[in-house]
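> Starting from these lines, generate the structure:
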Amino acid sequence: MNKHIGSNFDDFLNDDGLSEEVSAGALKRVIAWQLAEAMKAQKISKKALAERMHTSRTAVDRALDQNDSGMTLATLASAARALGQRVEVRLIPDSGTRPSMA
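All right, here's what the predicted structure looks like:
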């Protein structure tokens with residue numbers, strides 16, 4: 001019998017230990033998309049963004065790659081700052097879990 005029948009997707013991800021990985025990947029995709037949109041709105045090329053960030057175009061390509069989960073917050077924050085933006089990361093209560101007191 002499948003233990004996931006009748007459960008929701010969050011339960012499935014938590015049971016398989018994938019919740020954090022999926023959340024981090026989704027966050028990276030959203031930030032990369034927002035950076036690309038800001039570049040379009042400001043008509044800034046990848047080369048110009050790299051110059052503003054004092055980095056290489058390759059680093060900009062990685063920051064904009066929605067599937068590159070290895071990008072650091074520092075690099076994303078640098079790209080955002082170069083576009084007159086900032087990255088905000090915050091903790092919010094998870095309604096499905098309680099912190100352990102271990």
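> list the contacts for the closest residue to Gln85 other than its chain neighbours?
Distances taken as Cβ to Cβ, 6 or more residues apart in numbering put Ala38 closest to Gln85, at 5.9 Å, once the chain neighbours are dropped. All C-beta atoms are positioned from the backbone trio N, CA, C, and that covers glycine. Contacts for Ala38 (Cβ atoms under 8 Å, 6 or more residues apart in numbering) come out as Ile44, Ala80, Leu83, Gly84, Gln85.
> Can you say which of these are buried?
Ala80, Leu83 (16 or more other Cβ atoms under 10 Å).
> And the contacts of Ala38, which is closest to Ala24?
Ala24 has its nearest neighbour among the contacts of Ala38 in Ala80, at 17.2 Å by Cβ to Cβ.
> Just the element for the residue nearest to Gln85, please.
Taking DSSP states H and E as the definition, one finds Ala38 inside helix 19-42.
> And the most centrally placed residue in the chain, how close does it get to Leu35?
The structure's the chain has its C-alpha centroid closest to Lys28; by Cα atoms, centre = their mean the separation is 1.8 Å. Using Cβ to Cβ, to the nearest Å, Lys28 is found at 11 Å from Leu35.
> thinking again about what came up before, any figure for the gap between the closest residue to the residue nearest to the centre of the chain other than its chain neighbours and Leu76?
Nearest residue to Lys28, sequence neighbours excluded (Cβ to Cβ, 6+ apart): Ser69, at 5.6 Å. As defined by Cβ to Cβ, Ser69 lies at a distance of 12 Å from Leu76.
> Over to Gln34?
The gap separating Gln34 from Leu76 is 10 Å, by Cβ to Cβ.
> buried set for stretch 66-76?
By 16+ other Cβ under 10 Å, the buried positions in stretch 66-76 come out as Met71, Thr75, Leu76.
> Now do it: distance to the chain's middle.
7 Å (Cα atoms, centre = their mean, to the nearest Å).
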